[in-house]
Every structure is written in structure tokens, then in C-alpha cells.
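In: coords please:
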Amino acid sequence: MNKKDIMDQLTLTIRRVFENNSIEITDTTSAEDVDEWDSLAHISLIEEIEKVFKVKFALGELMKLQNVGQMADLILKKSPK
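Out: Residues are numbered from 1 along each chain as shown. This next block holds a predicted model:
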């Protein structure tokens, strides 16, 4: 899996969690860019991302993330080769 594949899947996952098919995701997209993305939705999103990509995140890893691109990089790093 490469970063583009991860970004494509993240876009679908984010759209599904927020029930909004018009959301466009880029490397720099953050919670501030998506109206529906509040703290409760964030928890649901992380849980869904862990299921979809079959990864587990440590709280410390999540605290460092500033945007979707960094999330994609972390998924790429944690994904089985």
C-alpha cells in the first residue's frame, strides 16, 4: 500500500464517518477544515481508521498529528509490509 492508496481510503473513511460525501481531503486537511469534525467525531474517526487499516495507535502518536497527511504517513509506517 502506498500513500496515495492510503489517502484515497482515508477520504472514503472520513466521508463515511461524517456522513458527507462532498468532503475533499488533502495532506494538509485538519479537523479545523471539516465542520463536522469535533472531539466526539474524532474518537469515532480514529476507531474507524484503526479498523479499516488494521492498525493500532498509541495516544502519544495521535497527539503529534496535525493533519491528514501525517495520519497517512503514520498508517504507512504501521502497516504490515
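In: which SSE is the closest residue to residue 52 other than its chain neighbours in?
Out: The shortest distance from residue 52 to any residue other than its chain neighbours is 5.3 Å, reached at residue 13 (CB to CB, 6 or more residues apart in numbering). For the C-beta atoms, the positions are set from N, CA and C on the backbone; glycine is no exception. In this assignment (DSSP states H and E), residue 13 forms part of helix 3-18.
In: chain center to that helix: distance?
Out: Here the centre of helix 3-18 is set off from its chain's centre by 7 Å, with CA atoms, centre = their mean, to the nearest Å.
In: Stretch 56-76 too?
Out: With CA atoms, centre = their mean as the basis, stretch 56-76 stands 8 Å off its chain's centre.
In: I'd like to know how far residue 7 sits from residue 67.
Out: 11 Å (CB to CB, to the nearest Å).
In: So for those two, which residue has more residues nearby?
Out: Set residue 7 next to residue 67 and count neighbours by other CB atoms under 10 Å: residue 7 wins out with 20 against 17.
In: Give the helix, strand or coil label for residue 25.
Out: coil (DSSP: H, G, I helix; E, B strand; the rest coil).
In: how about the nearest residue to it, chain neighbours excluded?
Out: Per CB to CB, 6+ apart, closest to residue 25 is residue 11, 4.4 Å.
In: Find the residues that touch each one of residue 7 and residue 67.
Out: Residues touching both residue 7 and residue 67 (CB atoms under 8 Å, 6 or more residues apart in numbering): residue 27.
In: What segments of this protein are helices?
Out: Secondary structure of the chain (DSSP state H): helices at 3-18, 39-53, 59-64, 68-78.
In: helices or strands up against the last one?
Out: Helices and strands touching helix 68-78, by 3 or more CB pairs under 8 Å, 6 or more residues apart in numbering; DSSP states H and E, are helix 3-18, helix 39-53.
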